[in-house]
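Visitor: pasted the sequence and its predicted model underneath.
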Amino acid sequence: MACCRSFLGVCALAASLTLSVAAQARTLVGVVTHVTDGDSLWVRMAEGSRPREVRLQGIDAPEICQVAGREARDALTALALHRQVIVSTRARDRYDRIVARVFVGSQDLGAAIVASGWAWSDGYRGSGGPYARQQQFARSNALGLWRDSAPMPPRDFRRRHGRCH
């Protein structure tokens, strides 16, 4: 019986933590005013307000000075620039950018960029990440950066060369 109470207590704690994380997520609507690179864009949330930088959650695109970096930016630009987007916020990163899933209509921009081969699904500790299926599709079809047999992941590029300036 004590085992069941412990289990129920753990379940209640997990549920409350899930609800508190969900309560922090917000959904915003805005217009994309600028695309920095393949995984970052600027969104004006309200008329007359200053645009805010948004980092697409779950992906990592090549740095702008890296091979395929400009192509990744151009692919995101084609999908999003001057379009109305829905921003489902998740957190802020160490550069104070909003980290979010971003949609144009029902199209998830992170999924689209990975499926077209211009970004990696951001896996963690052996997981393929949220867009592993899209990455496998792009890789199998030699799309985007996968035309190169061994493209350098952005985190490796940053370790070797630092961030672009």
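Guide: Arrived safely, thanks for sending. In this text, all values refer to a predicted model and were calculated from it rather than measured experimentally.
Visitor: just for the protein, where's the confidence low?
Guide: For the chain, applying pLDDT under 70 flags the ranges 1-24.
Visitor: go again with 80.
Guide: Along the chain, segments meeting pLDDT under 80 span 1-25, 124-126, 165.
Visitor: looking at the protein, which strand is longest?
Guide: strand 27-37 (DSSP state E).
Visitor: show me what that one is packed against.
Guide: strand 40-44, helix 69-80, strand 84-92 (3 or more C-beta pairs under 8 Å, 6 or more residues apart in numbering; DSSP states H and E). C-beta: built from backbone N, CA, C; applies to glycine.
Visitor: let me know the angle separating the last one from strand 27-37.
Guide: Counting by axes from the mean of the first three to the mean of the last three C-alpha atoms, to 10 degrees, strand 84-92 points 90 degrees away from the direction of strand 27-37.
Visitor: distance from the chain centre to strand 84-92, please.
Guide: Strand 84-92 sits 10 Å away from the centroid of its parent chain (C-alpha atoms, centre = their mean, to the nearest Å).
Visitor: what does stretch 119-137 give?
Guide: 11 Å.
Visitor: can you list the buried residues in that stretch?
Guide: 119-122, 129-132, 134-135, 137 (16 or more other C-beta atoms under 10 Å).
Visitor: alright, calling it a day.
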